[in-house]
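**Student:** let's see this in three dimensions:
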Amino acid sequence: MPPPPGRGLLWLGLVLGSVCAALQSAAQASSATDALNVLLIVVDDLRPSLGCYGDKLVRSPNIDQLASHSLVFQNAFAQQAVCAPSRVSFLTGRRPDTTRLYDFNSYWRVHAGNFSTIPQYFKENGYVTMSVGKVFHPGISSNHSDDSPYSWSFPPYHPSSEKYENTKTCRGEDGELHANLLCPVDVADVPEGTLPDKQSTEQAIRLLEKMKMSASPFFLAVGYHKPHIPFRYPKEFQKLYPLENITLAPDPQVPDGLPPVAYNPWMDIRQREDIQALNISVPYGPVPVDFQRKIRQSYFASVSYLDTQVGRLLSALDDLQLASSTITVLTSDHGRQAMDLVELVSLFPTLAGLAGLRVPPRCPRPSFHVELCREGRNLLKYFRFYDLEEDPYFHSNPRELIAYSQYPRPADSPQWNSDKPTLKDIKVMGYSIRTIDYRYTVWVGFNPDEFLANFSDIHAGELYFVGSDPLQDHNMYNDSQGGELPRSLMP
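**Tutor:** Numbering: from 1, shown residues only. As a prediction, this is how the structure comes out:
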């Protein structure tokens, strides 16, 4: 199933629109005068393939345990399902049309505005802020510094072994090393004898041990690489998922009514050596059934490997007697949608509120000149122990809740760069409105020089009624009376 905004491929795990966002507050266990610590765990491309979301196959006991005493959002949406734009969006609390980051090739402080970030805000309020692993996306989008020194008290840590993630370290059936999509490994045989997420966990635990002795509260962000492709993980986790137990995705076919602009040819996947060997036709050729099962097997194994790392981190938090004074958040930058209907841009105001800091004000329109404000709703009302005055932006009627997401395309039909176009190549922007009743997507012309979408230039549309069509197979756009995205519904 191709992924227009807010929808994703079930069997690939590179998906749009959702997260597992489990927030555990220690507010009841700490006095009002004590500053609460924050542990922010950011997972790369994790969809709700977890026991806490009802998945009966995936083994994720540690995340499930966290979820058992957390507030778990069942229907949370990323604002753009590409790593760098998504991370900049939720870490600044601004939407991609404000950060003006749709690819990997610009730094928002120079390109759009000197916007504050979540860790920067905590740092300015007396916290020691630390980054481990993939929190901001490395490269130009974080100024080759993970946004230092603005966001962090000292330089972020990156595991030394992450440089091997996309190199030829996967032992193929021919006995040779390849750069494959599927890459179960013997950890003792890989370069440096370790993997990035293992190194990140070890560093994070060392930092927790140091902060145990500190008088200052901490904000520790830990970013894990898995289950992002390639599926490079300790091979013992593959044994948890025998191929005979792996079912196919329930709905892998392309819907008849899907406009070509909405289809993603997954060119990043196709560049992997084991995928190239399959000689799949571009752009619509299906992956062979037996290989689909292997992809799903390796995705699930990667999730279980990730879960063990999260477990080690949370156990250290307990052993150091920090859990009762720490707000723990687990989120993915994007993943397939799992009826809370929330957005990742709400993370900034919600975390600030949980920690007892002043919640940044709502952003005016436009807000390019405003350094500190937020475009997401404050979600504190979801926490039962908060008795706050009604937030005028908090809707008690679930049918009034709306989540927004967007995705850029270089053309009206699948191209070699459809999944990750650079800014100069973006010619079409897809905007999705998601409610509990429907998903409405409109694909409109986009001017990359002026960062402007032209809602009078409609290239295609999609309308799905999720109650009667939960897998979103039947596009009702051409049968509807509409055609133009109501401007009143835009964020």
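
**Student:** stretch 87-105: which residues count as buried?
**Tutor:** Across stretch 87-105, burial judged by 16 or more other CB atoms under 10 Å covers 87-104. The C-beta positions use only the backbone N, C-alpha and C, and glycine is treated the same way.

**Student:** what about these, which are in strands?
**Tutor:** When those are checked against strands using DSSP state E, none is located there.

**Student:** ok, then the element right after the helix or strand of the chain with the lowest mean pLDDT?
**Tutor:** Every helix and strand in the chain was compared by mean pLDDT, DSSP states H and E; the lowest is strand 21-24, with a mean of 50. Going down the chain from strand 21-24, the next helix or strand is strand 37-43, by DSSP states H and E.

**Student:** what's the offset of that following strand from the middle of its chain?
**Tutor:** Centre-to-centre, strand 37-43 and its host chain are 13 Å apart (CA atoms, centre = their mean, to the nearest Å).

**Student:** name the helices or strands packed onto that strand?
**Tutor:** With contacts defined as 3 or more CB pairs under 8 Å, 6 or more residues apart in numbering; DSSP states H and E, the packing partners of strand 37-43 are strand 218-224, helix 289-319, strand 326-332.

**Student:** in the stretch 1-150 of the chain, where is pLDDT below threshold?
**Tutor:** 1-33 (pLDDT under 70).

**Student:** switch the cut-off to 90
**Tutor:** 1-34, 48, 69-76 (pLDDT under 90).

**Student:** pretty sure Asp147 sits against Gly139.
**Tutor:** No. Using CB atoms under 8 Å, Asp147 makes no contact with Gly139, being 11.6 Å away.

**Student:** which of these two has more neighbours?
**Tutor:** Counted by other CB atoms under 10 Å, Asp147 and Gly139 do not tie: Asp147 has more neighbours, with 24 against 13.

**Student:** nearest spatial neighbour of the more buried one, chain-adjacent residues omitted?
**Tutor:** Nearest residue to Asp147 in three dimensions, chain neighbours excluded: Phe136, at 5.5 Å (CB to CB, 6 or more residues apart in numbering).

**Student:** near that neighbour, how many other residues are there?
**Tutor:** For Phe136, using other CB under 10 Å, the count is 26.

**Student:** report the contact partners of it.
**Tutor:** Arg87, Val88, Leu91, Ser142, Asp146, Asp147, Ser151 (CB atoms under 8 Å, 6 or more residues apart in numbering).

**Student:** kindly recompute the last result at 7 Å.
**Tutor:** Phe136 sits next to Arg87, Leu91, Ser142, Asp146, Asp147 when contact means CB atoms under 7 Å, 6 or more residues apart in numbering.

**Student:** check the gap between the spatially closest residue to the second one that is not a sequence neighbour and Cys363 for me.
**Tutor:** What that stands for is Leu91. Among residues not flanking Leu91 along the chain, Thr117 sits closest, at 4.9 Å (CB to CB, 6+ apart). To Cys363, Thr117 is 14 Å away according to CB to CB, to the nearest Å.

**Student:** need the residue closest to the centroid of this structure.
**Tutor:** Asp333 (1.4 Å; CA atoms, centre = their mean).

**Student:** sheet-wise, list the partners of the longest strand along the chain with their directions.
**Tutor:** Longest strand of the chain, by residue count under DSSP E: strand 452-465. Partner strands and pairing direction for strand 452-465 (DSSP bridges) are strand 438-447 (antiparallel).

**Student:** list the buried residues for the partner strand?
**Tutor:** For strand 438-447, by 16+ other CB under 10 Å, it's Tyr438, Arg439, Tyr440, Thr441, Val442, Trp443, Val444, Phe446.

**Student:** these two touch, right, the fourth one and Ser432?
**Tutor:** If I follow you right, that is Thr441. Yes. Look at Thr441 against Ser432 with CB atoms under 7 Å: they come within range, at 4.4 Å.

**Student:** how close does the residue lying closest to Pro259 once chain neighbours are set aside get to Glu450?
**Tutor:** Nearest non-adjacent residue to Pro259, counting by CB to CB, 6+ apart: Ala460, 3.5 Å away. Separation of Ala460 from Glu450 (CB to CB) stands at 22 Å.

**Student:** of those two, who's got more company?
**Tutor:** More neighbours surround Ala460 than the other of Ala460 and Glu450, with 21 against 8 (other CB under 10 Å).

**Student:** which positions within the longest strand of the chain qualify as buried?
**Tutor:** Those would be Ala453, Phe455, His459, Ala460, Gly461, Glu462, Leu463, Tyr464, for strand 452-465 by 16+ other CB under 10 Å.

**Student:** tell me the contacts of the residue lying closest to the fifth one once chain neighbours are set aside?
**Tutor:** I take that to be Gly461. What sits nearest to Gly461 in space, not counting adjacent residues and going by CB to CB, 6+ apart, is Tyr477, at 3.9 Å. With contact set as CB under 7 Å, 6+ apart, Tyr477 has these partners: Gly461, Glu462, Leu463.

**Student:** nearest residue to Ser68 other than its sequence neighbours?
**Tutor:** Cys52 (7.3 Å).

**Student:** and the one you found, what does it touch?
**Tutor:** So Cys52 contacts Ile63, Asp64, Ala67, Val72 (CB under 7 Å, 6+ apart).

**Student:** list just the nearest of the residues you listed to Asn180.
**Tutor:** For Asn180, the closest of the contacts of Cys52 turns out to be Ile63, at 26.5 Å, with distances computed as CB to CB.

**Student:** isn't that closest one up against Leu50?
**Tutor:** Yes. At 5.6 Å, Ile63 counts as touching Leu50 under the criterion of CB under 7 Å.

**Student:** looking only at neighbour counts, state which of these two leads.
**Tutor:** Set Ile63 next to Leu50 and count neighbours by other CB under 10 Å: Ile63 wins out with 28 against 22.

**Student:** so who does that one touch?
**Tutor:** Leu50, Cys52, Asp307, Val310, Leu330.

**Student:** same thing but 6 Å
**Tutor:** Neighbour list for Ile63: Leu50, Asp307, Val310 [criterion: CB atoms under 6 Å, 6 or more residues apart in numbering].

**Student:** repeat that for Gln65.
**Tutor:** Listed by CB under 6 Å, 6+ apart, Gln65 has no contact partners.

**Student:** give the closest residue to the residue nearest to the centre of the chain in space, chain neighbours not counted.
**Tutor:** Ser86 (4.4 Å).

**Student:** give the contact list for that neighbour.
**Tutor:** Ala78, Gln80, Asp333, His334.

**Student:** okay, it and His137: tell me how far apart.
**Tutor:** If you go by CB to CB, the gap between Ser86 and His137 works out to 9 Å.

**Student:** what segments of this structure are helices?
**Tutor:** 61-68, 83-92, 96-99, 108-111, 118-124, 196-212, 267-270, 273-276, 289-319, 347-354 (DSSP state H).
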